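Enquirer: Next comes the sequence, and after it the predicted model I'd like to discuss.
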Amino acid sequence: MVCVLRHTVRDVLMGGIVFSVVKNKPPYAIDSVDHALHLAQLLQQEGAMRVTDAAERLGVSRSTAHRLLAMLVYRDFAEQGADRLYRAGAVLRPAQASEAPVPLLRRAALPHLHALVQRVRESANLMVLAGTEVRFVATVECDQILRAGDRVGRMLPAHLASGGKALLASLPPDHVTALYESSPEEIDLSQLRRELALVRKRGFAINNQLTEAGLTALGMVLHDPAGEPTAAISLALPTARFDRDLLPTWVGAMSTTVAKIERDLATNA
């Protein structure tokens, strides 16, 4: 299982010890277990895949991916259909589906997220909307010791996450209303509408410690070739390094990244 170490930035600085502001990989991680859990997560959240898809996503050989999938099938975490594709098995609870083309988004976005991280030296994410939540589908970590870590597979409430707010702000108001009227969450729709209006005016969203103490994030929406909101990118950083004077620099870098990803999406389409 994953060992979770959580520290606010205040804890880190007062104690004289530096940790990531998000959960850290255990010092004695078992790669095979990590790969199997990650693969189960991908099957649940992204749908059917081939052995070669699994190998590519995990960065392992095809034979290793095949053995991992066979074990998941044995324990009912996965099943293989007549079409030879592997899907989530009975053990995994159904997850809210996303309509976004995740594999295409990842291919188009990752090179530009790497460039963005090199430019601003903060971690970057790609996420898609799944109901009233956002699902992180790619992360590029920066090289600073105190940083936002890998969030792939995590789900956060869309109305709190920066990328989620950016996506919601791009939807028609009646769509947002329908999402939350049918949701078990109790959301102040009037307040949410005001916040989304501000996001539309600014062109970006801010999550200032709403989902995790000591972490601030900026989010910006991505559009598909038809102009529809399809995903969002975010920059995540320790709140201790958040400086409003740097907002124009960060937002400008994100805008450039969004334009390049959208260009590549249009080319691939």
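Expert: Everything's here; your move. Residues are numbered from 1 along each chain as shown.

Enquirer: what sits against residue 251?
Expert: With contact set as CB atoms under 8 Å, 6 or more residues apart in numbering, residue 251 has these partners: 203-204, 218, 220. In short, each C-beta sits where N, CA and C put it, glycine included.

Enquirer: how about it, secondary structure?
Expert: Following DSSP: H, G, I helix; E, B strand; the rest coil, the label given to residue 251 is helix.

Enquirer: most neighbours, which of the contacts of residue 251?
Expert: Among those, residue 218 has the most neighbours (other CB atoms under 10 Å), with 26 neighbours.

Enquirer: Provide the secondary structure category for the nearest residue to that residue once chain neighbours are set aside.
Expert: Closest residue to residue 218 apart from its sequence neighbours, by CB to CB, 6 or more residues apart in numbering: residue 235 at 4.8 Å. Classification of residue 235 by three-state DSSP places it in strand.

Enquirer: domain parsing for this structure?
Expert: Recorded structural domains for the chain (assignment: automatic domain parsing) are 9-88, 102-268.

Enquirer: comparing the ones you listed, which gets the lowest mean pLDDT score?
Expert: Of all the domains of the chain, the minimum mean pLDDT falls on domain 9-88 (a mean of 78).

Enquirer: ok, now which ones touch residue 217?
Expert: Neighbour list for residue 217: 125, 148, 161-163, 206-207, 234-237 [criterion: CB under 8 Å, 6+ apart].

Enquirer: Next: residue 125.
Expert: Shown in contact with residue 125 (CB under 8 Å, 6+ apart): 113, 136, 138-140, 151, 163, 217, 233-234, 236.

Enquirer: cool, and residue 75?
Expert: Applying CB under 8 Å, 6+ apart, we find residue 75 in contact with 89, 91.

Enquirer: and it, how far is that from residue 189?
Expert: Separation of residue 75 from residue 189 (CB to CB, to the nearest Å): 42 Å.

Enquirer: same deal with residue 169?
Expert: 14 Å.

Enquirer: For the closest residue to residue 162 other than its chain neighbours, what are phi and psi?
Expert: In this structure, residue 162 finds its nearest non-sequential neighbour in residue 219, 3.0 Å apart by CB to CB, 6+ apart. Main-chain torsions, residue 219, degrees, to the nearest 10: phi -130, psi 150.

Enquirer: Just confirm residue 219 contacts residue 163, I think it does.
Expert: Yes. In terms of CB atoms under 8 Å, residue 219 counts as a neighbour of residue 163; the distance is 3.8 Å.

Enquirer: Same drill for these two, tell me which one is more crowded.
Expert: Between residue 219 and residue 163, counted using other CB under 10 Å, residue 163 has the larger neighbour count: 31 against 26.

Enquirer: That one: what's it in contact with?
Expert: By CB under 8 Å, 6+ apart, the contact set of residue 163 is 125, 127, 134, 205, 217, 219-221, 231-234.

Enquirer: going on from the helix or strand where residue 118 lies, what's the next piece of helix or strand?
Expert: Using DSSP states H and E, the element containing residue 118 is helix 102-120. Counting by DSSP H and E, the next helix or strand C-terminal to helix 102-120 is strand 123-130.

Enquirer: what lines up beside that next one in the sheet?
Expert: Using DSSP bridges, the strands paired with strand 123-130 are strand 133-140 (antiparallel), strand 229-238 (antiparallel).
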